[in-house]
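Q: Provided below for reference: sequence and predicted model.
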Amino acid sequence: MPEKKTIARARKAKREGKALTTQAGEFVREEIEHIREGKHGAKNAKQAIAIGLSKARRAGVKLPAAKGASTSERTRKEAKRGTKAKPKAARRKSPKRTQSLKSPAAKRSRAATKALRRAPRASASHRALSRQARQAPRRRKRASGSRSRTKRAATAD
């Protein structure tokens, strides 16, 4: 669950008419802070960013699902599901938990938490984030370049 101040900052950005990525950036920032504090870890900077974006989608930022080849079909489906508008009935405050709504198994929750705690903290370091920021556009450029070459080859025939 995102912190109230994060949601407030994202809403402020929305009111000011800022881009969706700017709104989502607040959630990514929060996630990076959590990793640095040691609340949990992430394998790499890319995972830290992905967790933040997922939180943003669940909080209502209408971010589109990733299109890249490196994103799995399962992740894309999950992102689409996260951005879909909730029905009015679901938006209303739900009553206290009933017997039919089970909470996740304690063993499973504990296992997930322990796995995140074992993950490294260095993935949210300034150096790691800087490296990710430099490499991401380079990867995109390479991917789009190869696509455009194949298109040119197809039209030349």
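A: Cool, got the structure.

Q: For residue 49, see how far away residue 80 is.
A: The gap separating residue 80 from residue 49 is 18 Å, by Cβ to Cβ, to the nearest Å. All C-beta spots, glycine's among them, are computed from the backbone N, C-alpha and C.

Q: quick one: which of these two has more around it?
A: Taking other Cβ atoms under 10 Å, residue 80 and residue 49 do not tie; residue 49 has more neighbours (23 against 12).

Q: buried residues in whichever strand or helix holds the more buried one?
A: Per DSSP states H and E: residue 49 is located in helix 45-59. By neighbour count on 16 or more other Cβ atoms under 10 Å, the buried set for helix 45-59 is 45, 47-57, 59.

Q: what does the model give residue 88 for pLDDT?
A: According to the predicted model, the pLDDT of residue 88 comes to 55.

Q: Off-centre distance for the helix holding residue 49?
A: Chain-centre distance of helix 45-59: 2 Å, with Cα atoms, centre = their mean, to the nearest Å.
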